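Trainee: Predicted model follows, preceded by the sequence.
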Amino acid sequence: MKPFRIILPLIVLLACGWVANYLVTHQPEARRWNAPAAQLNVEAARVAKTSYDVIVESQGVVRARTESTLIPEIAGRIVRVSPEFLDGGFFEKGDILVEIDPSDYQTAVVVAKASLAQAESALQQEVAMAAQALENWKSLGNDAKKASPLALREPQLAQARANVESARARIEEAERDLVRTTIKAPYAGRILQKLVDIGQYVSPGTVMARIYAIDYAEVRLPLSDEQLAFVDVQERYRGEKAAPTKEGPKVTLRGRVGLGEAVWEGRVVRTEGAFDASSRQLFVIAQIDDPYGRKRKDSPPLKVGQFVEAEIAGERLQDVFVIPRSALRGSGEVLIIDEANKFHRNQLDIVWSDEHNAVAREGLRERDLLCLTQVPFAADGALCIPDIEGEGKRVLEGQGGGKGKGKGKGKGGKGAPGGKGGKSAAKGAPGKAAKGDSQ
């Protein structure tokens with residue numbers, strides 16, 4: 001029994017070791033599953049060459065073409081003002097705005113005329129006395145040519161004539177001052193600020209009002225070098241006439257009026273003579289004709305000092321590709337989708353861009369498929385499922401997530417992330433799209 005008790009444990013240990021070795025050497029191979037390649041559902045559109053009208057955006061403040069101050073040239077008390085002589089009042093050229101008491105100036109005219117009459121009478125007397133002096137000189141047997149000017153009273157005669165001319169000049173001055181008691185409008189305009197009223201005494205240098213012309217208004221619009229390249233602005237050269245030779249680019253101005261927005265039309269008429277030192281931009285001048293006339297119900301009069309946004313009609317670009325600004329990546333890159341539904345990066349030659357669109361001449365071809373969806377990390381060659389504008393989804397054979405092109409029926413396996421697998425066509429040649437339904 002004693003040997004059996006020693007042998008039995010050894011047999012059990014050997015049996016356990018053999019079983020453990022068998023399990024290790026004959027374990028089943030683990031089944032491997034390959035994850036499907038990641039595929040994104042993106043929106044896409046085909047590109048084509050077209051023309052594009054550049055709209056240059058700017059902003060500015062409305063100002064008057066001409067702004068002046070009304071200042072009297074004589075002193076006196078105001079006795080009358082026009083009913084339109086108030087802040088915001090309109091007037092036409094030649095309208096009487098202010099009248100100063102003319103009494104003193106009417107008296108001055110009468111006095112000046114009386115002085116002229118006296119001077120003319122004295123001149124007549126002096127003429128007679130000069131003639132008599134000449135006769136007296138001759139009666140003495142003297143030669144008239146040898147007579148001195150003083151003997152012939154020539155200095156006295158010259159003084160009398162000068163007194164007449166002086167009296168006539170004083171009459172003109174008095175009449176001119178009398179006319180100046182009536183302050184007339186120098187042009188058709190509007191009162192910006194009224195500073196005097198009836199009963200107030202004014203003197204030369206007193207500012208009575210600030211006025212501005214209303215035949216047209218102006219807006220200074222800053223443009224950068226890039227914007228100037230697309231705007232046909234008129235440049236003047238030395239020796240040229242100030243009158244424009246052609247109409248400038250059209251300008252649409254928009255401004256807030258109350259809770260709404262108003263629109264005015266104008267044109268760029270000239271540029272300023274120097275770049276702004278702080279912004280390095282050049283100001284162009286937009287002109288709005290008759291800004292205070294009643295034109296449309298939705299277009300109220302412009303106000304001096306009003307802020308407006310401007311859209312300037314720029315150059316028309318021909319044979320260019322116009323794409324959404326949101327399709328751009330980084331510095332002018334876009335994603336193009338090839339026939340195998342793979343991404344490729346293209347660098348574009350951007351000639352113009354604004355808030356909504358980007359315009360390119362190079363970097364695209366006709367009917368290239370442009371990815372419109374923002375894909376943060378898109379590697380070259382990555383697969384996608386494009387939803388093409390006007391065509392629908394394009395799903396190739398082996399891709400899931402939508403409808404494809406092809407004929408026949410068959411079963412498809414599970415799709416990549418972005419769509420479930422389902423029934424699909426399988427009759428076409430390998431590599432072509434298949435038509436099927438996703439569930």
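Mentor: Here it is on my side, so go on.
Trainee: which residues of the stretch 151-300 of the chain score low on pLDDT?
Mentor: Scanning the stretch 151-300 of the chain for pLDDT under 70 picks out 151, 242-246, 295-298.
Trainee: mind listing the strands in it by residue range?
Mentor: When secondary structure is read from DSSP state E, counting those that start in this stretch, the stretch 151-300 of the chain shows strands at 182-184, 189-194, 201-202, 209-213, 216-223, 250-257, 260-271, 282-289.
Trainee: Switch these over to JSON lines; also include distance to residue 121.
Mentor: All C-beta spots, glycine's among them, are computed from the backbone N, C-alpha and C. Below are the strands of the stretch 151-300 of the chain laid out as JSON lines (distance: least, C-beta to C-beta, whole Å):
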{"stretch": "strand 182-184", "distance to residue 121": "33"}
{"stretch": "strand 189-194", "distance to residue 121": "49"}
{"stretch": "strand 201-202", "distance to residue 121": "38"}
{"stretch": "strand 209-213", "distance to residue 121": "46"}
{"stretch": "strand 216-223", "distance to residue 121": "57"}
{"stretch": "strand 250-257", "distance to residue 121": "69"}
{"stretch": "strand 260-271", "distance to residue 121": "61"}
{"stretch": "strand 282-289", "distance to residue 121": "60"}
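Trainee: Which strand residues bridge residue 220?
Mentor: residue 285 (DSSP bridges).
Trainee: surely it meets residue 59?
Mentor: No: look at residue 220 against residue 59 with C-beta atoms under 8 Å: they stay out of range, at 9.9 Å.
Trainee: So what's the residue count around residue 392?
Mentor: 13 (other C-beta atoms under 10 Å).
Trainee: gap between it and residue 375?
Mentor: Applying C-beta to C-beta, to the nearest Å, the value for residue 392 to residue 375 is 20 Å.
Trainee: For the longest helix belonging to the chain, which helices and strands make contact with it?
Mentor: Secondary structure assigned by DSSP state H gives helix 103-139 as the longest helix of the chain. With contacts taken as 3 or more C-beta pairs under 8 Å, 6 or more residues apart in numbering; DSSP states H and E, helix 103-139 sits against helix 154-179.
Trainee: next one: the helix it packs on to chain centre, how far?
Mentor: The chain centre lies 59 Å from the centre of helix 154-179; the measure is C-alpha atoms, centre = their mean, to the nearest Å.
Trainee: which parts of it are buried?
Mentor: Using 16 or more other C-beta atoms under 10 Å as the test for burial, helix 154-179 gives 156-157, 160-161, 163-164, 167-168, 170-171, 174-175, 177-178.
Trainee: And for stretch 198-217?
Mentor: Neighbour-count burial for stretch 198-217 [16+ other C-beta under 10 Å]: 202, 208-217.
Trainee: residues near the closest residue to residue 270 other than its chain neighbours, how many?
Mentor: Nearest non-adjacent residue to residue 270, counting by C-beta to C-beta, 6 or more residues apart in numbering: residue 285, 5.1 Å away. Residue 285: 20 surrounding residues under other C-beta under 10 Å.
Trainee: quick one: contacts for residue 285?
Mentor: Residue 285 is in contact with 218-221, 268-272, counting by C-beta atoms under 8 Å, 6 or more residues apart in numbering.
Trainee: any idea how far the residue nearest to residue 269 when sequence neighbours are not counted is from residue 186?
Mentor: Nearest residue to residue 269 in three dimensions, chain neighbours excluded: residue 287, at 4.5 Å (C-beta to C-beta, 6+ apart). Plainly put, residue 287 is 20 Å away from residue 186 if you go by C-beta to C-beta.
Trainee: so residue 360 sits in a strand?
Mentor: Yes: Residue 360: assigned to a strand according to DSSP: H, G, I helix; E, B strand; the rest coil.
Trainee: residues touching it, list them.
Mentor: 320-321, 323, 332, 348-351.
Trainee: Read off the pLDDT value for it.
Mentor: Listed pLDDT for residue 360 reads 93.
Trainee: Grab the nearest non-local neighbour of it.
Mentor: residue 348 (4.1 Å).
Trainee: isn't that neighbour right up against residue 359?
Mentor: No: with contacts counted by C-beta under 8 Å, residue 348 stays clear of residue 359, the gap being 9.4 Å.
Trainee: shared neighbours of the two, which are they?
Mentor: Joint contacts of residue 348 and residue 359 (C-beta under 8 Å, 6+ apart) are residue 321.
Trainee: quick one: which helix or strand includes the closest residue in space to residue 201 that isn't next to it in sequence?
Mentor: Once flanking residues are discounted, residue 201 sits nearest to residue 77: 5.0 Å by C-beta to C-beta, 6+ apart. Per DSSP states H and E, residue 77 falls inside strand 76-81.
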